[in-house]
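*Asks:* 3D, please:
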Amino acid sequence: MKSRRKMLFGRGIILGFLFLWSFVVFAQTPSRQGFEIMKNLDIYSNLIKELNQDYVDDINPGELTQTGIDAMLGSLDPYTNFIPESQVEDYKFITTGEYGGIGALIHQQGGFVMISEPYEGSPAQKAGLKAGDKILEVNGKQAKGKTYDEVSSILKGQAGTTVHLVLQRNGDPKPFEKTITREVIKIDNIPYFGMVDPQVGYIKLTGFTQNAAKEFRQTFLKLKEGHDLKGIVVDLRGNGGGLLNEAVDIANVYVERGQEIVSTKGKMADKNRTHMTLSPPVDLTIPVVVLVDHSSASASEILAGSLQDLDRGVIIGQRTFGKGLVQNVVPLSYNAQMKITVAKYYIPSGRCIQAIDYSHKKNGGPALSIPDSLIRAFKTKNGRTVYDGGGILPDLVTKPRRFSNLALALYSKFLIFDFATQYVATHPTIPPARDFEISDTLLDEFLGYIKGKDYTYTTKSERALDVLKAESLKENYFDAIKGEYDQLRSRMENDKLSDLTKYADQLKELLKMEIVTRYYYQKGKIETALKHDPDLATAIATVKDTEKYQAILSGKYVQPKPEVPVSDDEDDDNPVD
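*Replies:* The predicted structure follows:
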């Protein structure tokens, strides 16, 4: 009976795909291609039937089918994905920014899942959960040994339902219990905005979910009506994109009605569309600066790229991701869905900014960067030269902000997180986020806290030395250089001992952001980070320097070459989000 149920389930999956594909194949593809698809589906159906009948162990047809689908789609681009019914709600979150749950970030630490940060105003925060709380049980089941995904899936659920937790707080051996009613959790597209200068406003945009444009327009009007606003900085760093129409409508805030922002071109005629601004603009003259980095992708690139192509804003930061591809979600049988790449998008100058060519993967080859020989030049509205083939290159390129390997090790091993948890337990309040600082005394407390704890890390120089040793051993040269090698290794170890002093400012900054987040949540964290943000300082200076701003947009400004080459490939130091 068990085997028969599995066979029926597997046949149900196959029949569902046969129905869908028979419709698609015979309606939209040449007969030869349609025959090939139907032939291979028939082969697959017979294959899984024979496996189910004859394979020595019981098989799971659903898992095998999932594996086959994942492998098939893996030969295309990384954005074409199968979405089983169990994951549909997670994909809805991408477009709506909403999910049902308790409203808290969690992370895996040791054998437990911990609360990283309750969202301000969330059920978790209202129930008194704090960062550093260890989850011992979820709905009566032991949480120890469970993965992040397993615990997350239980914490999420329909609004109005409850979840029962047993937790343990740092310094208190006695567990405590909380029954929390789930709510609809809305992740803000704009977690922070404000004035970063008496005349310069700032908007942090982290997503392009439904209503992002409406929220952006309202936020800009608040800044404009409440202050003597002379310029605006739009921060798209780390923004991986979202809904295309929201990017078009946000551009419309600064661009006149009837302007083309992006067009899409695909294999099917109905995917060839031009997206125009539809509403009256809010402000056509205010200076606009957009901050981007390598994680700015998709809708972020449409917004930044269109403002650059229309000479409506100055782009500052690092080259963007270069996605350049449009996805649609299509329904499949049994409540499954597929997110499929249907077109490429082109911004107003006519350029496509796709950085990776995935077409070679169809024949088993690797995905390749667009070669320099195929990169073409285009012109902005004012005649400036811009290029396709590799994301949006900013008008002012800045060096990525990176942290030392020491800071990364302390951060990734949760020593900064754990120290902040200990600090909060003995400090009920701290000054406002913008005023709080890490004193030398507090830094010394942290250094005492980590003494004897494991935060080993390897520098780029040490890795190079390891390569030297390996290669010299292969070529029988190591004995000749062993003395010098040992001296270099010893000298490097001594230098690493001084890193705690050398990178004291970085440690203070990371400690401050972690501690501030405990009291002032996401807004406080962003406000603190902005105080140490060189790209924001460059943006403010550019907005206030009218002559330089206009020279950039007219193509007359040439950025001085940096003393240190700007590279996205540096790995001796690392970024921390």
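
*Asks:* Phi, psi for Lys130 please.
*Replies:* Backbone geometry at Lys130, expressed as degrees, to the nearest 10, gives phi -130, psi 160.

*Asks:* hang on, it packs against Glu117?
*Replies:* No: applying CB atoms under 8 Å as the test, Lys130 and Glu117 come out as separate, 9.3 Å apart. (C-beta placed from N, C-alpha, C; glycine too.)

*Asks:* Have a look at the two and say which one is more surrounded.
*Replies:* Comparing Lys130 with Glu117 by other CB atoms under 10 Å, the one with more neighbours is Glu117, at 24 against 18.

*Asks:* quick one: contacts for that one?
*Replies:* Contacts for Glu117 were tallied using CB atoms under 8 Å, 6 or more residues apart in numbering; they are 104-105, 131, 517, 521-522.

*Asks:* Separate out the buried members of those residues.
*Replies:* 104, 131, 517, 521-522 (16 or more other CB atoms under 10 Å).

*Asks:* Any chance of TSV for these, columns secondary structure, distance to Leu510 and pLDDT?
*Replies:* As requested, those are exported to TSV (DSSP: H, G, I helix; E, B strand; the rest coil; distance: CB to CB, whole Å; pLDDT from 0 to 100):
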residue	secondary structure	distance to Leu510	pLDDT
Ala104	strand	21	97
Ala131	coil	15	97
Thr517	helix	11	97
Tyr521	helix	17	96
Gln522	helix	16	95
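
*Asks:* For Leu368, list each beta-bridge partner.
*Replies:* Per DSSP bridges, residues listed as beta-bridge partners of Leu368: Asp357.

*Asks:* Against Tyr358, how distant is it?
*Replies:* With distances taken as CB to CB, to the nearest Å, Leu368 is found 9 Å from Tyr358.

*Asks:* for Ile102, same thing?
*Replies:* Here Ile102 is placed at a distance of 38 Å from Tyr358 (CB to CB).

*Asks:* the more surrounded of the two?
*Replies:* Taking neighbours as other CB under 10 Å, Ile102 and Tyr358 compare with Ile102 leading, 27 against 19.

*Asks:* can you pull the pLDDT of the more buried one?
*Replies:* pLDDT, the model's per-residue confidence, is 97 for Ile102.

*Asks:* With Ala470 instead?
*Replies:* Per-residue confidence (pLDDT) for Ala470: 89.

*Asks:* Tell me the secondary structure of it, please.
*Replies:* For Ala470, the secondary structure call by DSSP: H, G, I helix; E, B strand; the rest coil comes out as helix.

*Asks:* ok, now Asp311?
*Replies:* For Asp311, the secondary-structure state derived from three-state DSSP is coil.

*Asks:* What is the neighbour count of it?
*Replies:* For Asp311, the neighbour count with other CB under 10 Å is 19.

*Asks:* rewinding a little: now render the contacts of Glu117 as CSV, adding distance to Val292.
*Replies:* Compiled in CSV, the contacts of Glu117 are given as follows (distance: CB to CB, whole Å):
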residue, distance to Val292
Ala104, 29
Leu105, 25
Ala131, 30
Thr517, 24
Tyr521, 25
Gln522, 21
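
*Asks:* List just the nearest of these to Val314.
*Replies:* Within these, the smallest distance to Val314 is 27.2 Å, found for Gln522 (CB to CB).

*Asks:* Next up, the contacts around the closest one.
*Replies:* For Gln522, the set of contacting residues under the criterion of CB under 8 Å, 6+ apart consists of 117, 119-120, 191-192.

*Asks:* top of those residues by neighbour count?
*Replies:* Across the contacts of Gln522, the neighbour count under other CB under 10 Å reaches its highest value at Glu117, namely 24 neighbours.

*Asks:* Can you name the helix or strand that that one falls in?
*Replies:* Secondary-structure element containing Glu117, defined by DSSP states H and E: strand 112-118.

*Asks:* tell me the mean pLDDT for that strand?
*Replies:* Across strand 112-118, pLDDT averages out at 97.

*Asks:* buried ones in that strand?
*Replies:* By neighbour count, and taking 16+ other CB under 10 Å as the criterion, the buried residues in strand 112-118 are 112-118.

*Asks:* what helices or strands is the helix or strand following it leaning on?
*Replies:* Beyond strand 112-118 in the direction of the C-terminus, DSSP H and E gives the next helix or strand as helix 123-126. Contact partners of helix 123-126 among helices and strands, from 3 or more CB pairs under 8 Å, 6 or more residues apart in numbering; DSSP states H and E: strand 112-118, strand 176-181.

*Asks:* which residues sit against helix 123-126?
*Replies:* Contacts of helix 123-126 with the rest of the structure, by CB under 8 Å, 6+ apart, involve 101-104, 115, 118-119, 180-183, 521.
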